[in-house]
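1. Can you look at this prediction? I've put the sequence above it.
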Amino acid sequence: MNIFQVLYDEVISFFGIGHVIDVVKSGDYSSLLTFDGILSVIGPFIPFLLLIEIIRAIVYKKFKIDDYRIPFFIFVANRFISRFISIGMVALCIGLFEKHSVFKTTFTWYWLIYGYIIWEFAHFIYHFLAHKVRILWCLHSTHHAPENMNLSVTYAHFFLEAPYADFIRTTICILLGVNAPLLFFIMFVDGTWGAFIHVGENIIKDGRLGFLNKVILTPSHHRVHHARNIVYMDTNFCNLLNIWDRVFGTLQNEKKEVPIEYGITRKINPRNFWDVYFGEIYYLAKDVQHAPGIKNKFLYIIMPPGWSHTGEHKTAKAVKRILNEEEQGKLFITTTPVIEKTEG
Ligand SMILES: [Zn+2]
Ligand SMILES: [Zn+2]
């Protein structure tokens, strides 16, 4: 195959404009008014916004190749691997669990609201576990490694994270009656919003989006989620509706007095693809290797990042407790505790 053709196809598929190009070529614009047509027009929104973000950064001379390099490599790696491993987790879960769903829904506005609330619940479960179970954190930490926020972070994921996320989310939604077309529609809307909340500060400085910050999960909330500051750790797990963060007490607004520091708390080289992609797996393997007894080895795998068999935990919960006691004057620690292997 011609190399230029391959590159052309990659660019078209990245921007998601294949359908629109076909329509323009055929001259028949009526298909844009169909449901699929509308989706095909919304799809390119995030890739084009990313392009604008980069162009703006170049124009204002703020463009740093390092901010984009690793997410770009990860995107390419995932694209390459996914060609060989087409897991089709969503289809698999639908096939396996649809017959066991508690009831059937239809494609109507009220079931859409129900479906979205269930989807957010399933997303919360996947995301919460990704932060609280060490082996799952190994899959999710790649997304948290970048030390700068911009739209390219949307594409920075370990290749096994999507099948894991889709397994949890699809199974819960299907079992709770969300039908497949409704689920695909919600996935699309949520995926677009989930990408948008990674918008960089050079495009939208104040990510709170005015009054919306009180109602939904905004870029500001997700910036907080990507922060390694102790007060911000393990908060804002939702995607668009933040109801489940409210229910479980994990909602955290951006504090003016605590500027966000992006990244994870372990010392990492964010410019090193191997460290960003496999670093957490390496450290987990080391901890398991050195842990005494089979029970401790197993606990390292399933306990939250920062858990230690010695009892000197550096989990998000433990360091937050220290910070709280420090703030209440019960402890007099002058320096921030050194945290290793805990999440951002
Ligand atoms: Zn996360
Ligand atoms: Zn994110």
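-> Structure received. Ligands and ions are numbered 1, 2, ... in the order given.

2. Could you say which helix or strand holds residue 22?
-> Using DSSP states H and E, residue 22 sits within helix 18-26.

3. Same check on residue 189?
-> Using DSSP H and E, residue 189 sits in helix 180-196.

4. Mind listing what's buried along the helix or strand following that helix?
-> Elements were assigned by DSSP H and E; along the chain past helix 180-196, the next helix or strand is helix 212-215. Using 16 or more other Cβ atoms under 10 Å as the test for burial, helix 212-215 gives residue 213. C-betas here are computed from N, CA, C, even on glycine.

5. elements contacting helix 212-215?
-> Judged by 3 or more Cβ pairs under 8 Å, 6 or more residues apart in numbering; DSSP states H and E, helix 212-215 is in contact with no other helix or strand.

6. Take that helix, keep the C-alpha atoms, and write them as PDB.
-> The C-alpha trace of helix 212-215 is given here as PDB (Å, rounded to 0.1, in the frame of the first residue of the first chain):
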ATOM      1  CA  LEU A 212     -22.200  25.400  34.800                       C
ATOM      2  CA  ASN A 213     -19.600  24.600  37.500                       C
ATOM      3  CA  LYS A 214     -22.500  24.300  40.000                       C
ATOM      4  CA  VAL A 215     -24.500  21.900  37.800                       C
END
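
7. Could I get the average pLDDT for it?
-> Average pLDDT, helix 212-215: 92.

8. Contacts for that helix next, please.
-> With contact meaning Cβ atoms under 8 Å, 6 or more residues apart in numbering, helix 212-215 is reached by 218, 220, 221, 253.

9. Run through who's touching the following helix or strand past that helix.
-> Per DSSP H and E, the first helix or strand lying C-terminal to helix 212-215 is helix 219-225. Contact with helix 219-225 is made by 149, 196-199, 204, 206-209, 213, 232, 235-237, 242, 251-254, 260, 262, as judged by Cβ under 8 Å, 6+ apart.

10. and if you look at stretch 235-251?
-> 116-117, 120-121, 123-124, 127-128, 131, 189-190, 193-194, 197, 216-217, 221-222, 224-225, 234, 252.

11. show me what contacts residue 150?
-> So residue 150 contacts 50, 53, 67, 68, 198, 199, 200, 202 (Cβ under 8 Å, 6+ apart).

12. Any idea how far apart the tips of stretch 202-212 sit?
-> Using Cα to Cα, to the nearest Å, the end-to-end distance of stretch 202-212 comes to 20 Å.

13. Mind listing what's buried along that stretch?
-> Residues of stretch 202-212 classed as buried by neighbour count (16+ other Cβ under 10 Å): 202, 203, 207, 208, 209.

14. Repeat that for stretch 299-311.
-> Per 16+ other Cβ under 10 Å, stretch 299-311 contains these buried residues: 299, 300, 301, 303, 304, 305, 306, 307, 308, 309.

15. go on, stretch 243-254?
-> 243, 244, 245, 250, 251, 252, 254.

16. Out of the residues you listed, which is nearest to residue 293?
-> Residue 293 lies nearest to residue 250 out of those, by Cβ to Cβ, at 32.9 Å.
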